[in-house]
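Asks: Sequence plus the predicted model coming up.
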Amino acid sequence: MQDKEYRILVINPGSTSTKIGVYDSSRPIFEKTIRHSTGELSSFPTIISQQSFRKKTILEAMDEEGVNISKLSAVCGRGGLLRPIEGGTYEVNGPMIKDLERGYAGQHASNLGGIIAREIASGLNIPAFIVDPVVVDEMEPIAKISGMPSIERKSIFHALNQKAMARKAAGLHGKKYEEMNLIVTHMGGGITVGVHKNGKVTDVNNGLHGDGPFSPERAGTVPAGDLIAMCFSGDFYREEVMKKLVGQGGMVGYLGTNDAVRAEKMIEAGDQKAKLVMEAMAYQVGKEIGAASAVLKGKVDAIVLTGGLAHGKRFTSLISSHVDWIADVLIFPGENELQALAEGALRVLTGEETAKEYPGALKAAKIFG
Ligand SMILES: Nc1ncnc2c1ncn2[C@@H]1O[C@H](COP(=O)(O)OP(=O)(O)OP(=O)(O)O)[C@@H](O)[C@H]1O
Ligand SMILES: CCCC(=O)O
C-alpha cells in the first residue's frame, strides 16, 4: 500500500488528436481528447513543427479544468520511433530528444510525446518519462531473420497497450507478467499480434510497414512478387504505393471505410463484400495468433484481444472460433494507454522500478553493433 500521492500529467499525441490525462498516482482525475482538425494541422509542414501548438492546447485544457501544473510530480509522454529498445519506463534525456526531433526511425505523432513532456517538465524542474514506445524491441534473434539477408524483421507495435493488457491478464490469473506466456493482439487502425514470453515480446509483426494481418487501414503482408511488379510498373509514385500499404490498405481499401462499426452496418444491410472482408480480417488475425502459438510451442496461458476492434462482438467471436482451442480468449476492448503511461511513471516514482537510460548514439553503436 503506497501512501504518498504523485500527480502525473500524461500525454499521448495521435495523428488527429492529443489525448491527455492527469492522475493522482494511478487514479485519473481528468482525461481529455483534444481534437485537431485537418485544417489546423495542415499549416504545419512536419509533425515535429506541431510541438508548440500542441503544447499550448495541452496547457489550455489543463487551465480550463482548473488543474494547477505546479502541483505535478512528473510528466510522461508516449514514446515514438526511436532506436530499438527494451520495454519499460525511460527518463527523457538529450539523446532521446535528438532522435525524436529528427525521427530516428521515421515520423509519427508519438514522437511529440517525449518532446512535449520534457518541455513542460523542465519548466517545473520535475522528471519527464516515456513508457513502452512503439519501437520496443525484445525480439529473439531467430525472429529477426526474414529470409533475405539485406532485410531484418523489425519490432514496431502497440507496445504500450499490449504490455498494459498483458499485465492485466496476468493479474486476473493471480500471477506476475513475467510468469505468463501470452498472445496479445491489439486491433486498432493497425493490428499487431505479440508473443509475450515471460515478460518479453519475443516476436511480433511490424504493424507499420506491411507485415501481419490486414487491418482497418493497413494492408499487412501482401504477395511480395506482385508488390514488386506494382512498384516497377511505372504506374505509381513511391508515396502512392506506401499509401496502399499503410493508410489506404486493408479494410478501407476494399470497403471505402476504416470504421468497423460502419462495416458491420453494411453487413446487417446484406452487403456480401463487407461480410467477406470482415471475415477475412478475422481469419488473418486468427492465422497470426496460430503462428504465435507455434512460437510458444503450444504453451499459451491466454490469448488477449484488445484495441477498438475488440468492441465488435461478431468480429471477436469470429477470431475466437479460429483460436479458442489454443487457450482461453480474454477480451479487453479499447486501449488504456493513458493509464499505462501513468502506471509506468508511477512504478519509477515509487521506486518499484528504476528508470532506464535511453542510449545515446555511441552507446547504441556498442549495443546494436
Ligand atoms: N464499438 C465498436 N464496435 C466495433 N468496432 C469498433 C467499435 N469502436 C471502435 N471500433 C473500431 O476500432 C477501430 C479503431 O480502433 P482504435 O481506436 O483502437 O484505433 P486507433 O487508436 O485509431 O489506432 P491504433 O490503435 O492502431 O493506434 C475502427 O475501425 C473502429 O471503427
Ligand atoms: C504499430 C505502431 C503503432 C501504430 O499503429 O501507429
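Replies: Done, it's in. Ligands and ions are numbered 1, 2, ... in the order given.
Asks: can we go C-alpha only for contacts and neighbour counts from here?
Replies: Will do.
Asks: interface residues of this protein facing ligand 2?
Replies: 134, 156-158, 190, 207-208 (C-alpha under 6 Å from any ligand atom).
Asks: and which of those is nearest residue 304?
Replies: Residue 304 lies nearest to residue 158 out of those, by C-alpha to C-alpha, at 13.3 Å.
Asks: What strand or helix carries the closest residue to the closest one other than its chain neighbours?
Replies: Using C-alpha to C-alpha, 6 or more residues apart in numbering and skipping the chain neighbours, the partner closest in space to residue 158 is residue 134 (5.7 Å). If you go by DSSP states H and E, residue 134 is not part of any helix or strand.
Asks: Low-confidence ranges, the stretch 251-369 of the chain, go.
Replies: 360-369 (pLDDT under 70).
Asks: hey, where'd the helices end up in it?
Replies: All helices of the stretch 251-369 of the chain, identified by DSSP state H, counting those that start in this stretch, fall at 260-268, 272-295, 313-323, 337-349, 361-368.
Asks: near ligand 1, anything from the longest one?
Replies: Meaning helix 272-295. No - with C-alpha under 6 Å from any ligand atom as the criterion, ligand 1 is not reached by helix 272-295; the gap is at least 10.7 Å.
Asks: if we can go back for a sec, quick check on the residues of the chain next to ligand 2: which are buried?
Replies: By neighbour count, with 16 or more other C-alpha atoms under 10 Å, the residues of the chain next to ligand 2 hold 134, 156-158, 190, 207-208 as buried.
Asks: Show only the entries of the residues of the chain next to ligand 2 found in helices.
Replies: Among the residues of the chain next to ligand 2, no member is found in helices (DSSP state H).
Asks: I'd like to know how many residues surround residue 346.
Replies: 25 (other C-alpha atoms under 10 Å).
Asks: Can we start the residue count at 337 from this point?
Replies: Okay, using 337 as the starting number, the last item reads as residue 682.
Asks: The stretch 537-686 of the chain against ligand 1: which residues are in contact?
Replies: 552, 594-597, 643-645, 647-648, 670.
Asks: can you tell me which two in the buried ones among the residues of the chain next to ligand 2 are farthest apart?
Replies: 470 and 526 (12.1 Å).
Asks: still on that earlier bit, which among the buried ones among the residues of the chain next to ligand 2 gets closest to residue 513?
Replies: residue 494 (16.9 Å).
Asks: So that closest one sits against residue 522, correct?
Replies: Yes - the pair residue 494 / residue 522 is scored as a contact, 6.7 Å apart, by C-alpha atoms under 8 Å.
Asks: I'd say residue 377 and residue 384 touch.
Replies: No - with contacts counted by C-alpha under 8 Å, residue 377 stays clear of residue 384, the gap being 11.2 Å.
Asks: This completes my enquiry, with thanks.
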